[in-house]
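next comes the sequence, and after it the predicted model I'd like to discuss.
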Amino acid sequence: MFKTGSPAVDKMSHLRITGNIIPMSWFQTILKATGKPNLNAIIILADIVYWYRPVEVRDEMTGQLIG
């Protein structure tokens, strides 16, 4: 696997999350002081995970992986 130069992004590349989805475990882990799921925090985290997920960059002509 290639390195991005960012340890956080490199670790994110090992998560197998497809699309902008929210793992069910987050609803049991990310809680308010009342014990209820913190929906705002969960949705923001899902967006951040989606934004920083590494992507493959391919040459449009050959389809070769270039980054």
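Thanks, I have the structure now.

in which helix or strand would I find residue 26?
Under the assignment given by DSSP states H and E, the secondary-structure element containing residue 26 is helix 25-29.

I'd like the next helix or strand past that helix.
Read in the C-terminal direction, the helix or strand following helix 25-29 is helix 39-51, with elements assigned using DSSP H and E.

how about that next one: buried residues?
For helix 39-51, the buried set under the neighbour-count rule, 16 or more other CB atoms under 10 Å, comprises 42, 46, 49. In this view, the C-beta of every residue, glycine as well, is placed from N, C-alpha and C.

and the spatially most central residue of the chain, how far from residue 15?
With distances taken as CA atoms, centre = their mean, the residue of the chain nearest its centroid is residue 49 (2.8 Å). Between residue 49 and residue 15 the distance, using CB to CB, to the nearest Å, works out to 7 Å.

now residue 41
For residue 41, the distance to residue 15 under the criterion CB to CB works out to 18 Å.

kindly report the same for residue 23.
As for residue 23, its distance to residue 15 is 9 Å (criterion: CB to CB).

compare those two (neighbour count), which wins?
Taking other CB atoms under 10 Å, residue 23 and residue 15 do not tie; residue 23 has more neighbours (14 against 10).

ok, the more buried one to residue 65 distance?
28 Å.

which ones are touching the residue with the largest distance to the centre of the chain?
Summary for the chain: using CA atoms, centre = their mean, the residue whose C-alpha lies farthest from the chain's mean C-alpha position is residue 61, with a distance of 28.5 Å. For residue 61, the set of contacting residues under the criterion of CB atoms under 8 Å, 6 or more residues apart in numbering is empty.
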